[in-house]
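Novice: got a predicted model here, sequence first, then my questions.
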Amino acid sequence: GAVVSQHPSWVICKSGTSVKIECRSLDFQATTMFWYRQFPKQSLMLMATSNEGSKATYEQGVEKDKFLINHASLTLSTLTVTSAHPEDSSFYICSAKSGLDTGELFFGEGSRLTVL
Amino acid sequence: AQSVTQLDSQVPVFEEAPVELRCNYSSSVSVYLFWYVQYPNQGLQLLLKYLSGSTLVKGINGFEAEFNKSQTSFHLRKPSVHISDTAEYFCAVSLTGTASKLTFGTGTRLQVTL
């Protein structure tokens, strides 16, 4: 099946710094990628939809200036958490849509962000 | 808008026993249905999906699910579980003909013990 890879898997940063998380589709082109946030023992909450070559579409309540999304190529989307604070600590997961509109998504391994 | 309800937050079960994880959805239009599994500190892996056709869907690791339109349900079943099935299971729905925007249920923790 299609493979989606996220990097880094774990990141610890100081409060006030910015962190970039990469999401790559390794063996297919993804015109659309999705970014989710997952709090401990909770479900995935969609943050934004990332479309190659255009601005991301953010879900209600998600700060677009804090969570910068860039989808510069058909195989790479990045999420930058700007001026991170401890409340931004979370598990961030990306997914990518492949091929036909089957609704099927392929998920990355997730990135755990801890802000000290 | 569509929604997904997973009625059980935790399901404890003994190894080799059968299990059913419940999922109900709400939508005014046709949907695609999915079950994903998540192991600790990992992303989601697709177990199975219903797009159309036969209402009984077989997936990986011996899991199966049945789409019941009248009851708006998509319960996940396995006749005999293993310790390795211990994980979080998420039911999800997306609208057909859309860009695959998934709505997830709150998840069910399957805990398999000896």
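Specialist: Received the coordinates, thanks. Keep in mind the model is a prediction, meaning the values are calculated, not measured. Residues are numbered from 1 along each chain as shown, chains lettered A, B, ... in the order given.
Novice: for the residue nearest in space to the middle of chain A, give its distance to A:Glu109.
Specialist: Centroid-nearest residue in chain A, with CA atoms, centre = their mean: A:Trp35, separated by 3.6 Å. As judged by CB to CB, to the nearest Å, A:Trp35 and A:Glu109 stand 14 Å apart. Yep, even glycine has a C-beta here, placed from its N, CA and C like the rest.
Novice: the helix or strand containing B:Leu46: what's the following helix or strand?
Specialist: If you go by DSSP states H and E, B:Leu46 is part of strand B:44-50. Remark: after strand B:44-50, the chain's next helix or strand is strand B:56-58, criterion DSSP H and E.
Novice: picking up where we left off before, OK, contacts around the residue nearest to the centre of chain A?
Specialist: A:Trp35 sits next to A:Cys23, A:Leu46, A:Met47, A:Ala48, A:Ser50, A:Phe67, A:Ile69, A:Ser77, A:Leu79, A:Tyr92, A:Ile93, A:Cys94 when contact means CB atoms under 8 Å, 6 or more residues apart in numbering or on different chains.
Novice: could you dump the residues you listed into JSON lines with secondary structure, distance to B:Lys78 and pLDDT added?
Specialist: Formatted as JSON lines, the contacts of A:Trp35 follow (DSSP: H, G, I helix; E, B strand; the rest coil; distance: CB to CB, whole Å; pLDDT from 0 to 100):
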{"residue": "A:Cys23", "secondary structure": "strand", "distance to B:Lys78": "31", "pLDDT": "96"}
{"residue": "A:Leu46", "secondary structure": "strand", "distance to B:Lys78": "28", "pLDDT": "91"}
{"residue": "A:Met47", "secondary structure": "strand", "distance to B:Lys78": "32", "pLDDT": "95"}
{"residue": "A:Ala48", "secondary structure": "strand", "distance to B:Lys78": "34", "pLDDT": "94"}
{"residue": "A:Ser50", "secondary structure": "strand", "distance to B:Lys78": "35", "pLDDT": "89"}
{"residue": "A:Phe67", "secondary structure": "strand", "distance to B:Lys78": "37", "pLDDT": "97"}
{"residue": "A:Ile69", "secondary structure": "strand", "distance to B:Lys78": "37", "pLDDT": "94"}
{"residue": "A:Ser77", "secondary structure": "strand", "distance to B:Lys78": "34", "pLDDT": "94"}
{"residue": "A:Leu79", "secondary structure": "strand", "distance to B:Lys78": "35", "pLDDT": "97"}
{"residue": "A:Tyr92", "secondary structure": "strand", "distance to B:Lys78": "30", "pLDDT": "96"}
{"residue": "A:Ile93", "secondary structure": "strand", "distance to B:Lys78": "25", "pLDDT": "94"}
{"residue": "A:Cys94", "secondary structure": "strand", "distance to B:Lys78": "28", "pLDDT": "94"}
